[in-house]
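Novice: sequence plus the predicted model coming up.
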Amino acid sequence: MRLLMWYLIVINIVTWIAFGLDKWKAKSGKWRIPERTLLLLALAGGSLGALAGMIMFRHKTRKAKFFISVPVMFVVHCVIVTVLVLKLR
């Protein structure tokens, strides 16, 4: 259970940083992080970091695939973690 906790902390921080970095690159006109990469990070457990990055950096909030999929992933991840915590008690 502790390993899962640390994994989720790390993946969410990495995802949040990726969203912030991509926003900075978008403003600077530099090479961008592919949308697929951002979505895969969110799917891999970083949905909270993605949601926080979208809100804090005002990034990808107008794109339907982010606006819809990231909150859905967050809810699914919350359900999965809740089920795991309850089963491992």
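Specialist: Right, received. Where do you want to start?
Novice: contacts, neighbours, all on C-alpha from now
Specialist: Fine.
Novice: just give the number of residues close to residue 24.
Specialist: Applying other C-alpha atoms under 10 Å, we find 15 residues neighbouring residue 24.
Novice: tell me the pLDDT of it.
Specialist: Listed pLDDT for residue 24 reads 97.
Novice: what's near enough to touch it?
Specialist: Contacts here follow C-alpha atoms under 8 Å, 6 or more residues apart in numbering; on that basis residue 24 touches nothing.
Novice: just the buried residues of the helix or strand where it lies, please?
Specialist: Assigned by DSSP states H and E, residue 24 belongs to helix 2-28. Buried residues in helix 2-28, counted by 16 or more other C-alpha atoms under 10 Å: 8, 11-16, 18-23.
Novice: do stretch 33-51 as well
Specialist: Buried residues in stretch 33-51, counting neighbours by 16+ other C-alpha under 10 Å, are found at 38-39, 41-51.
Novice: ends of it, what's the gap?
Specialist: Counting by C-alpha to C-alpha, to the nearest Å, you get 16 Å between the two ends of stretch 33-51.
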